[in-house]
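**Q** What follows is a predicted structure for the sequence shown.
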Amino acid sequence: MTGLLEKKKKERRLRIFSSAVELFNSKGFSNTSMQDLAARSNLAVGTLYNYFSSKNDLLLEIIQDEMEDAVKESIELLSNLDFQKKGVKEILKEVAVDIISIPLIFNKETLNEIFIAILHSKQDTEKGIMLDMELLVVISDLLEQMMQEHLISDIFDSDTVAKALYSLIINQMIFYLYNNDMTQSELINNTQQSVEIIYHGIENKPK
């Protein structure tokens, strides 16, 4: 019975997530109420509040869920890597694109609203930073493995390189949000170019 209840709870959460993404993109984050979300999810408002204390809380849970999927995929990538066959630069590009694509389940207008809403709450900002830290660990672990196999230079430690790479990724997202003409394709391309900048600073060059 417990297993069945957990399954129903998980299915309900996924239904809420799907409804939220749809509503945030169609109505806008600020114009979507908890009542709207409950109605679209076929739930009583009180039931929705049993799952999420606020709209911001729901939003961060959605992003965390997307990040956990990205982290899981990256861990699987790490465990099955053939660096020589795929190439270090291409692997780094793949991970970076996976990360930059996490918030792209929302359209640009909604993302602008979302970032403003999160930054206006200290608690939500701290939650967002914790999610960033999870991704930084994944990137750092990947770089450390590359360093141990002498595929990239170890002149800098893996944490420092991970922070530099992640900063470039975040900057590309900011440029995307505040440039109305920039498309998602251009964002992806610019992110890959950022990876190239980092790679040329850490690649093992012939002595």
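**A** Structure received.
**Q** next SSE after the lowest-mean-pLDDT helix or strand in the chain?
**A** Between all helices and strands in the chain, the lowest mean by mean pLDDT, DSSP states H and E belongs to helix 83-86, at a mean of 64. Following helix 83-86 in sequence order, the next helix or strand is helix 88-100 (DSSP states H and E).
**Q** export whichever helix or strand comes after that following helix as CSV, just CAs?
**A** Downstream of helix 88-100, the next assigned helix or strand under DSSP H and E is helix 108-119. Taking C-alpha atoms only, helix 108-119 is exported to CSV below (Å, rounded to 0.1, in the frame of the first residue of the first chain):
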residue,chain,number,x,y,z
LYS,A,108,12.5,34.1,-22.2
GLU,A,109,9.7,36.3,-20.8
THR,A,110,8.9,33.9,-18.0
LEU,A,111,12.6,33.4,-17.2
ASN,A,112,13.0,37.1,-16.7
GLU,A,113,10.1,37.1,-14.2
ILE,A,114,11.4,34.0,-12.5
PHE,A,115,14.9,35.4,-11.9
ILE,A,116,13.5,38.7,-10.5
ALA,A,117,11.1,36.8,-8.2
ILE,A,118,13.9,34.6,-6.9
LEU,A,119,16.4,37.4,-6.3
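**Q** Flag every buried residue along helix 108-119.
**A** Lys108, Thr110, Leu111, Glu113, Ile114, Phe115, Ile118 (16 or more other C-beta atoms under 10 Å). Quick note: C-beta positions are derived from backbone N, CA and C, even for glycine.
**Q** per the record, what domains does the chain have?
**A** According to automatic domain parsing, the chain comprises the domains 1-52, 55-202.
**Q** Which of these comes out lowest on mean pLDDT?
**A** Across the domains of the chain, domain 55-202 has the smallest mean pLDDT, namely a mean of 86.
**Q** Can you give me the end-to-end span of that domain?
**A** End-to-end span of domain 55-202 (C-alpha to C-alpha, to the nearest Å): 42 Å.
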